[in-house]
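In: next input, structure requested:
(chains A and B)
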There are 2 protein chains.
Amino acid sequence: MKYAIEKKLKNSLARTGVIITAHGEIKTPAYIAPATKATVKAILPEDVSALGAQAVLANTYHLYLQPGSELVRSAGGLHKFMNWAGPIFTDSGGFQVFSLGASFGTSITKLSKPEELGSRASAKQDLDALLPSEPKPSLVKITEDGVEFRSHIEGSKHFFTPEKSMQIQHNLGADIILAFDECTSPTASYEYQKSALDRTHRWAERSLAEHRRLNLLDLPDNAMPWQAGAQGSTLKTPQALFGIVQGGRHQDLREESARAISSLDFDGYAVGGSYDKEDMGTAVRWVNEILPEDKPRHLLGIGAIEDLFLGVENGIDTFDCVIPTREARNGALYTRRGRVNINNAEYRKDFSPIEAECLCVVCKCYSRAYVAHLFRAKELLAYTLASIHNLHFFINLVDRIRDSIADGTFFEFKQVFLSQYIER
Amino acid sequence: MKYAIEKKLKNSLARTGVIITAHGEIKTPAYIAPATKATVKAILPEDVSALGAQAVLANTYHLYLQPGSELVRSAGGLHKFMNWAGPIFTDSGGFQVFSLGASFGTSITKLSKPEELGSRASAKQDLDALLPSEPKPSLVKITEDGVEFRSHIEGSKHFFTPEKSMQIQHNLGADIILAFDECTSPTASYEYQKSALDRTHRWAERSLAEHRRLNLLDLPDNAMPWQAGAQGSTLKTPQALFGIVQGGRHQDLREESARAISSLDFDGYAVGGSYDKEDMGTAVRWVNEILPEDKPRHLLGIGAIEDLFLGVENGIDTFDCVIPTREARNGALYTRRGRVNINNAEYRKDFSPIEAECLCVVCKCYSRAYVAHLFRAKELLAYTLASIHNLHFFINLVDRIRDSIADGTFFEFKQVFLSQYIER
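Out: This next block holds a predicted model:
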């Protein structure tokens, strides 16, 4: 994996660039489509590509439980298994082990359906409730070695370590994989957050060491390490490993984490945690002012419009979140003036597109009345059309943010867009 | 609408031909994709087209209840509403009024989900149970004028007449519409079937008269009837009306019905009823030996492989049924050696395509293991991939039947195909 900055925006940390993987380029800033269980829910891969997605993000926790990472490896890896030729990220399972692993038999499903919690959620109220301030020992047991948790599907016990997460992610074969971390609740005590952070840093070192060991193992006996991925070889494509920065809302912890993770030889970085808007200008900025400029930075689980602008402005290159597609399946459709609930009676006879200015295939070919009909009739195509539209909305918005950095109009674009967009 | 025979097969009633509508041609024999509620379930229209469908069939009963036919008319008609540029059929609601209209509050849903019963089912055991041998007066009231029934959605009362069915179908604007008929149970008494058939013939005359009246109404005051559909005009495209032949398993009733419906000036014919394999060589043959050769013949609700061959052999040009896509959503996938249940454990690690010889996009790009994973994970894409495959299987099979008539190898093809295909 290579990364190159193309343009830096004055008076901010924003930049455009390109991440080059063995499966193609990602022009950044970019919004990564959620493909939690090796599918972008309700959309064929060719349509995911057609709506503008450059890359997808699948999840270690979900794919480990179902269908199993050895099975995906036997299938030829995630790209072949799910028929996605472009770049793939996998999250490490860190977040899901703590949130979903603690959910079996609890009321977590009232907040978010576990099967939908593919990426780290961005909504603070979700996270606060999902992540126990100090994980309940009966459900999730954390030791120095790793985490014991239960499958949210049928309650079976499992144990994840940094090494195990790496082994699973090497089986899955994504282009960009993530270190195993502990994601603490923002309401946890400072002391707990500090000790969890130190553990996350030790786990980062162990993730990196195991990743290197596995990279060597992927080579046949008679090959030299530098032959990995050489043209014409049958070796696995080399994977890039991103370290994860945590530290909650504490400036000292965030800075300490950024320095600790920077000191290790990761190929890029991911920023984890729970965010409110103000955290973009604080926690995210603190981190990105320290992280080396020449490596890409992913912000985990961001699904709010304003946060995309603020994240980019504070040095983020890529985002992912399940919120746009989850909301789509509930009938909440994004427009540049805010979301509309297509289930409302007013849209039954509205023959205009979801958004007249939108260039997605749904807005070009279908009316609000048709989408409303599909939702009322509980037709599966409702979820497909709504997901295509919302995903296009997020991807296209980040594309436009990239263009605005390139031509120096970022702040004007941000001001105009956010003045029209009403959260509701 | 025009119809032309291209080739007739010796020693049978089979023929190839072409139906030309204002929205394109249908090369026959052809399998028409089910689009009950103005969507082929789980598949985008462009993918329906790409998998080989020439035309779709939507349903008057369902669209009348939801979203309403006036709404579809306001949307610019079915083609625009559902984004399907090709030919569309609508069934008249006759079958559904009797089956679904009698289902509210009953156990019909145990047999088939009402929302899935878009076309006339072909399975005898379904029909026998669906259609009361003499409709229960408390649920469906039949008079000379029409039928009172209840919505299967919320139980509200409605009244359909032949005129009402025509008005709804003119609002929907399909290329080929069907006369309003009564579909009796094959277990009903001869006397009941005879009286229902006579009524169906009187309703056929009323359907035709109302269709003609509406065709004139669709013209503006100052237009002459022959100007309808003229290039550059804003008039509605003329619709073709097919008469429906009933008569159960009684040769005299079938022949009487074929003669009665032939005597009216319909643009084509549909054969209704409940079928077993033997009915193709009896009921269907009796009818098609009488119906005029120069008009197309549709067989309602056929979803069994052998029946496609037998139907064509006995003079049928087009078929429709929801069974292939309904079965797809349950994980029953068609191969030329019979159906496979993708939920069976043996397919979890089967990295071969559903069928190696199949040319559909699913078999080209995905493994059985991936489709099995999607079904186990209850991912919406499971229903999309399975539906694409099964629909392609039926459409491609009828296409190959057409080719075999064209090159004179129909009977060899039938023999080889059916000797390999095992119903299970």
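
In: buried stuff in the helix or strand hosting A:S419?
Out: Assigned by DSSP states H and E, A:S419 falls within helix A:410-420. For helix A:410-420, a neighbour-count test (16 or more other C-beta atoms under 10 Å in any protein chain shown) marks A:F410, A:F411, A:F413, A:K414, A:F417 as buried. Glycine gets a C-beta too; all of them are placed from N, C-alpha and C.

In: isn't the fourth one right next to A:G311, touching?
Out: No: in terms of C-beta atoms under 8 Å, A:K414 does not count as a neighbour of A:G311; the distance is 11.6 Å.

In: related to what we said a few turns ago, quick one: mean pLDDT for the helix holding A:S419?
Out: Regarding helix A:410-420, the rounded mean pLDDT is 98.

In: ok, the closest residue to A:I323 other than its chain neighbours - how many residues close by?
Out: Nearest residue to A:I323, sequence neighbours excluded (C-beta to C-beta, 6 or more residues apart in numbering or on different chains): A:G303, at 2.9 Å. By other C-beta atoms under 10 Å in any protein chain shown, 24 other residues sit near A:G303.

In: before we move on, back to that, show me what the helix holding A:S419 is packed against.
Out: helix A:305-313, helix A:380-406 (3 or more C-beta pairs under 8 Å, 6 or more residues apart in numbering or on different chains; DSSP states H and E).

In: which one, of those helices, ends up nearest to chain B?
Out: With C-beta to the nearest C-beta as the criterion, chain B lies closest to helix A:380-406 of the helices and strands packed on helix A:410-420, at 4.1 Å.

In: list the buried residues in the closest one.
Out: Buried-residue list, helix A:380-406, by 16+ other C-beta under 10 Å: A:380-399, A:401-402, A:404-405.

In: tell me the mean pLDDT over stretch A:311-324?
Out: 96.

In: now the strands for the stretch 251-400 of chain A?
Out: Here the stretch 251-400 of chain A has its strands, by DSSP state E, counting those that start in this stretch, at A:268-271, A:297-299, A:318-320, A:332-335, A:338-341.

In: give me the three-state assignment for A:L71.
Out: helix (DSSP: H, G, I helix; E, B strand; the rest coil).

In: you'd agree it is up against B:S367?
Out: No: between A:L71 and B:S367 there is no contact under C-beta under 8 Å: 10.4 Å.

In: where does the stretch 151-300 of chain A dip in pLDDT?
Out: Scanning the stretch 151-300 of chain A for pLDDT under 70 picks out A:219-236.

In: so what's A:R15 closest to, chain neighbours aside?
Out: A:R15 sits nearest to A:K8 (C-beta to C-beta, 6+ apart), 4.6 Å away.

In: A:E255 too?
Out: A:W286 (5.6 Å).

In: chain center to stretch A:403-412, what's the gap?
Out: 24 Å (C-alpha atoms, centre = their mean, to the nearest Å).

In: go on, stretch A:393-407?
Out: With C-alpha atoms, centre = their mean, you get 18 Å for stretch A:393-407.

In: contacting residues around it?
Out: A:6-7, A:9, A:14-16, A:27-31, A:33, A:51-54, A:303, A:305, A:308-309, A:312, A:319, A:321, A:324, A:334-335, A:358-360, A:410, A:412-414, A:417 (C-beta atoms under 8 Å, 6 or more residues apart in numbering or on different chains).

In: how does it look with 6 Å?
Out: A:7, A:9, A:14, A:16, A:29-31, A:52-53, A:308, A:312, A:324, A:334, A:410, A:413 (C-beta atoms under 6 Å, 6 or more residues apart in numbering or on different chains).

In: mind giving me the domain split of chain A?
Out: Here the domain assignment for chain A is A:2-321, A:332-420, based on automatic domain parsing.

In: with distance to B:W203 added, can I get these in CSV?
Out: Output for the domains of chain A, formatted as CSV (distance: least, C-beta to C-beta, whole Å):
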stretch, distance to B:W203
domain A:2-321, 41
domain A:332-420, 28
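
In: quick check: which of those domains is nearest to B:E205?
Out: domain A:332-420 (33.5 Å; C-beta to C-beta).

In: quick one: terminal-to-terminal distance for the closest one?
Out: 18 Å (C-alpha to C-alpha, to the nearest Å).

In: quick one: it to chain centroid distance?
Out: Distance, centroid of domain A:332-420 to centroid of chain: 21 Å (C-alpha atoms, centre = their mean).

In: cool, and stretch A:74-82?
Out: 20 Å.

In: chain B contacts on the stretch 151-300 of chain A?
Out: Contacts of the stretch 151-300 of chain A with chain B, taken as C-beta under 6 Å from any C-beta of the partner chain, are absent.

In: helices of the stretch 151-300 of chain A, start to end?
Out: In the stretch 151-300 of chain A, the helices defined using DSSP state H, counting those that start in this stretch lie at A:162-172, A:190-217, A:251-262, A:277-279, A:285-290.

In: JSON lines for these, including mean neighbour count and distance to B:D276?
Out: Below are the helices of the stretch 151-300 of chain A laid out as JSON lines (neighbours: other C-beta atoms under 10 Å in any protein chain shown; distance: least, C-beta to C-beta, whole Å):
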{"stretch": "helix A:162-172", "mean neighbour count": "24", "distance to B:D276": "50"}
{"stretch": "helix A:190-217", "mean neighbour count": "18", "distance to B:D276": "60"}
{"stretch": "helix A:251-262", "mean neighbour count": "20", "distance to B:D276": "70"}
{"stretch": "helix A:277-279", "mean neighbour count": "15", "distance to B:D276": "67"}
{"stretch": "helix A:285-290", "mean neighbour count": "21", "distance to B:D276": "71"}
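
In: that'll do, ta.
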